[in-house]
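A.B. asks: Next input, structure requested:
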Amino acid sequence: MVGWLVLSADGPGLWPQPPVDPPRVIYTRPAPCEDEEGQEAQAPDGPGPHEHVWVDDQYFPWFDMQAACVNVGDGSEAARYVRCGDYVEVSPGSPLDWDICGNEGCSFPGGLADNAVSVEQWDDGGAEGQFGHFEPTGFVADGYITHYKAPMQPGLVSLQNRVDDIHYAEDPATGQPVQTFDDFPPDGVWGSATTITVWDFTISDGAPGFRPVLDAWVGPFGAKIEPATDHNGQSMARPIYFELFSSAEPGYCLNRTREHDPHEWNDTGLGDTDLKFSFPDQQGLTVHSTDFNGWWRNEAWTNEEVTTCAVDIMCLDYGAFGTLTATATVIGYPTAARLLLSDNPRTYSTYQVNGQTLYREYAPIPWDVDANYIADVWMRNSGNAADDEEDEGQCPVKGDGFTRYEEYRGFCVNGPWTELDPDAHKDVFVLDWNGLGIGDFAALGVVPHRLYVPQQPAEFGPDYQMNPNRGTANKQLQHGVMLVVWVNDPGYLGYTVPRLNAPKPTSRIDVVQIQGLFPPPQQQEAVGVIVSHELGHACNLEHHRTGTFDCIMWDPPTHLPHAYCSENPGCRMLWRLY
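C.D. replies: Numbering: from 1, shown residues only. Take a look at the predicted model:
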């Protein structure tokens, strides 16, 4: 049966305690069923509870100092190399502190009791890094510490923490907490420093304010590994590899090129890139080409292990664009250099992707943040590369056939290079080898470009194309108008066929007939009027035989007007180029 055991408080065999009067009765858990009814339990004989005698830590310092050091990452040597701005896990050297009981028969296994450790403070020696932890929203430099964010300045950084032990442990014999040895002073103790190498590999901006120009040097672009030595006193020098990514526009502007036979390194024909490492190779570098012909000169590497190296780039096109990267195996794996904008204060080029800040790992040539292949410093950069939107009021077709990028890349006109204005009047090219001039053609509202000095190679293509070297952002071919002296049967002073929207547009001028119709004082003026009339036809204007009489497009030209009208069937503001 189930019953209760009754013990007298002053009975024999109990632990010493003061006498109780009247005697107390202590109720214990029910006795087993097989016990005889009324049997009285007896207290065990034996020694009292174990008395812990904690040994002074001065004889066993390792146990305390192990807790008071800093673990970095997984504890490997590689974990002690942290790139600027990156994160690494940190923790006390041991999450426990061990105390030793010197009394025989200790209930703790081996006499060792483990105490929890409290980290009171972290320090990086003023390196301006941050201790913190990660939350779903990102890194938080506060609260409990699990990670260290390395500073942006490279160098050797000493990490320390101040720890205190929580000097209580659970006694295995009783399951109750007992006080253990208080190892540290009231404020804890600073452990020994763990030194890490905060490093970075950067490339400098060699193209601030650069606008591509033929045969222009751009740079230098400096690659640097910092610091020069690591926390072990070993050199951080490594081989550095550069790679150049470049546009490959034909020619060096829309209507000129430079080619030699045999080929030379700075040619600008088909198969040539617009940005190249210079020839001969810079001292200390080996340059290589990855193309079949060996013309690109787009790779370079240092001949020795270095911590710094600078390279220069040659620009071979007015519309060149590309990037330069640097790579080095700094800590066991290939690492791309970050673009460093300034060293004081240290500023990197960054960009955003889905709300995340990333480092730019290339140097742009030129700067082109809006990615339209046009240098940001160009005053007319505000637009897409393929824009062709010069608007002349009622003119039925916007633009002149040359895109914004093409007008930025520019043309050669009578030798010298020039850029155009994509936001102003439309551009029209006139090929005038006979010196006829262009009369009042500009009064139509166009910007005429008169080519009067034949060039070798020619400044236009086989169909009088003014953009034969087209490539990026090209929308169509645009032609120039050829002016020629023409001898005709009586009845025509000039004749234009076809128009600008067809190959080889040609305006023929019968100078002999013009001179026969007008007296010598008016002959030159008359030639100019007829040229203006025929160039109007090239821009798709028709004759006027009604309406405004004083118009260049009036037919027959029995007088000498010097303006285009705005009446239908179309003169000023009603013409089109294509």
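
A.B. asks: Low-confidence ranges, the stretch 301-450 of the chain, go.
C.D. replies: Applying pLDDT under 70 to the stretch 301-450 of the chain picks out residues 391-396.

A.B. asks: Do a quick rundown of the strands in it.
C.D. replies: Taking DSSP state E, counting those that start in this stretch, the strands of the stretch 301-450 of the chain run over residues 308-315, 322-329, 334-336, 338-343, 346-348, 350-353, 356-359, 363-365, 411-412, 417-418, 426-431, 446-451.

A.B. asks: same thing with the stretch 151-300 of the chain?
C.D. replies: Using DSSP E, counting those that start in this stretch, strands in the stretch 151-300 of the chain cover 155-166, 168-170, 177-179, 189-190, 194-204, 216-226, 241-246, 275-277, 285-288, 299-302.

A.B. asks: list the buried ones in the host helix or strand of Q515?
C.D. replies: Assigned by DSSP states H and E, Q515 falls within helix 511-517. For helix 511-517, burial by neighbour count (16 or more other C-beta atoms under 10 Å) applies to V511, Q513, I514. Quick note: C-beta positions are derived from backbone N, CA and C, even for glycine.

A.B. asks: if we look at that helix, which residues are touching it?
C.D. replies: The contact list for helix 511-517, computed with C-beta atoms under 8 Å, 6 or more residues apart in numbering, reads L436, V485, V487, N488, P490, Y492, L493, Q523, A526, V527, I530.

A.B. asks: ChimeraX command for the buried members of those?
C.D. replies: Typed into ChimeraX, the line below selects the buried ones among those, using 16+ other C-beta under 10 Å:
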select :436,493,526,527,530
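
A.B. asks: Just the contacts of helix 511-517: which are in helices?
C.D. replies: Residues of those located in helices (DSSP state H): Q523, A526, V527, I530.

A.B. asks: How much space separates the last one from Q522?
C.D. replies: The span separating I530 from Q522 equals 12 Å under the rule C-beta to C-beta, to the nearest Å.

A.B. asks: so what's the closest residue to G401 other than its chain neighbours up against?
C.D. replies: Counting by C-beta to C-beta, 6 or more residues apart in numbering, G401 lies nearest to Q478, which is 3.5 Å off, once chain neighbours are set aside. Listed by C-beta under 8 Å, 6+ apart, the contact partners of Q478 are D400, G401, F402, F429, Q465, M466, N467, L500, L577, Y578.

A.B. asks: Could you do D272 as well?
C.D. replies: Taking C-beta under 8 Å, 6+ apart, we find D272 in contact with A248, W295, W296, L316.

A.B. asks: now M553
C.D. replies: By C-beta under 8 Å, 6+ apart, the residues touching M553 are H533, G536, L541, E542, H543, H544, Y564, C565, C571.

A.B. asks: When you compare pLDDT across these, which one is lowest?
C.D. replies: Across the contacts of M553, the smallest pLDDT goes to C571, namely 64.

A.B. asks: any weak-confidence spans in the protein?
C.D. replies: Scanning the chain for pLDDT under 70 picks out 1-48, 57-68, 391-396, 568-575, 578.

A.B. asks: So what's the residue count around P172?
C.D. replies: Residues within reach of P172, counting by other C-beta atoms under 10 Å, total 11.

A.B. asks: Disregarding residues adjacent in the polypeptide, which is nearest to it?
C.D. replies: Nearest residue to P172 in three dimensions, chain neighbours excluded: S107, at 5.0 Å (C-beta to C-beta, 6+ apart).

A.B. asks: Once you drop chain neighbours, what's closest to I166?
C.D. replies: A116 is the one closest to I166 (C-beta to C-beta, 6+ apart), at 4.5 Å.

A.B. asks: swap that for P154, sorry
C.D. replies: E226 (3.9 Å).

A.B. asks: burial of that neighbour, as a residue count?
C.D. replies: E226 is flanked by 19 other residues according to other C-beta under 10 Å.

A.B. asks: wait, isn't the residue nearest to P172 in contact with A113?
C.D. replies: No - contact between S107 and A113 fails when scored by C-beta atoms under 8 Å: they sit 9.4 Å apart.

A.B. asks: just checking, A310 touches I203?
C.D. replies: No - judged on C-beta under 8 Å, A310 makes no contact with I203 at a distance of 9.9 Å.

A.B. asks: out of these two, which sits in the more crowded spot?
C.D. replies: Shown here are A310 and I203; by other C-beta under 10 Å, I203 has more neighbours (28 against 16).

A.B. asks: Could you list the domains of the protein?
C.D. replies: Domain assignment of the chain by automatic domain parsing yields the ranges 1-46, 59-192, 203-365, 380-578.

A.B. asks: Could you save these as a markdown table and add columns showing distance to H52?
C.D. replies: Output for the domains of the chain, formatted as a markdown table (distance: least, C-beta to C-beta, whole Å):
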| stretch | distance to H52 |
| --- | --- |
| domain 1-46 | 18 |
| domain 59-192 | 5 |
| domain 203-365 | 42 |
| domain 380-578 | 80 |
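
A.B. asks: of all those domains, which lies closest to I374?
C.D. replies: For those, proximity to I374 was assessed by C-beta to C-beta; domain 380-578 is nearest, at 5.1 Å.

A.B. asks: how far does stretch 347-359 stretch from start to finish?
C.D. replies: By C-alpha to C-alpha, to the nearest Å, the extent of stretch 347-359 from end to end equals 11 Å.

A.B. asks: Can you list the neighbours in contact with that stretch?
C.D. replies: So stretch 347-359 is in contact with M152, T202, D205, R338, L339, L340, L341, R360, going by C-beta under 8 Å, 6+ apart.

A.B. asks: Could you identify the most distant pair in those residues?
C.D. replies: Within the contacts of stretch 347-359, M152 and D205 form the most distant pair, 16.6 Å apart (C-beta to C-beta).

A.B. asks: More neighbours: the two, which one.
C.D. replies: D205 (19 against 15).

A.B. asks: Can you tell me how far the more buried one is from V55?
C.D. replies: For D205, the distance to V55 - C-beta to C-beta - is 63 Å.

A.B. asks: Give me the distance between stretch 547-561 and the centre of its chain.
C.D. replies: From the chain centre to the centre of stretch 547-561 is a distance of 60 Å (C-alpha atoms, centre = their mean, to the nearest Å).

A.B. asks: no wait, stretch 316-332
C.D. replies: 12 Å.

A.B. asks: From the opening residue of it to its closing one, how far?
C.D. replies: Length of stretch 316-332, first residue to last, C-alpha to C-alpha: 37 Å.

A.B. asks: Next: stretch 262-277.
C.D. replies: Start-to-end span of stretch 262-277 (C-alpha to C-alpha) is 20 Å.

A.B. asks: Enumerate the positions of it that are buried.
C.D. replies: Those buried within stretch 262-277 under the rule 16+ other C-beta under 10 Å are W265, N266, D267, T268, D272, T273, D274, L275, K276, F277.
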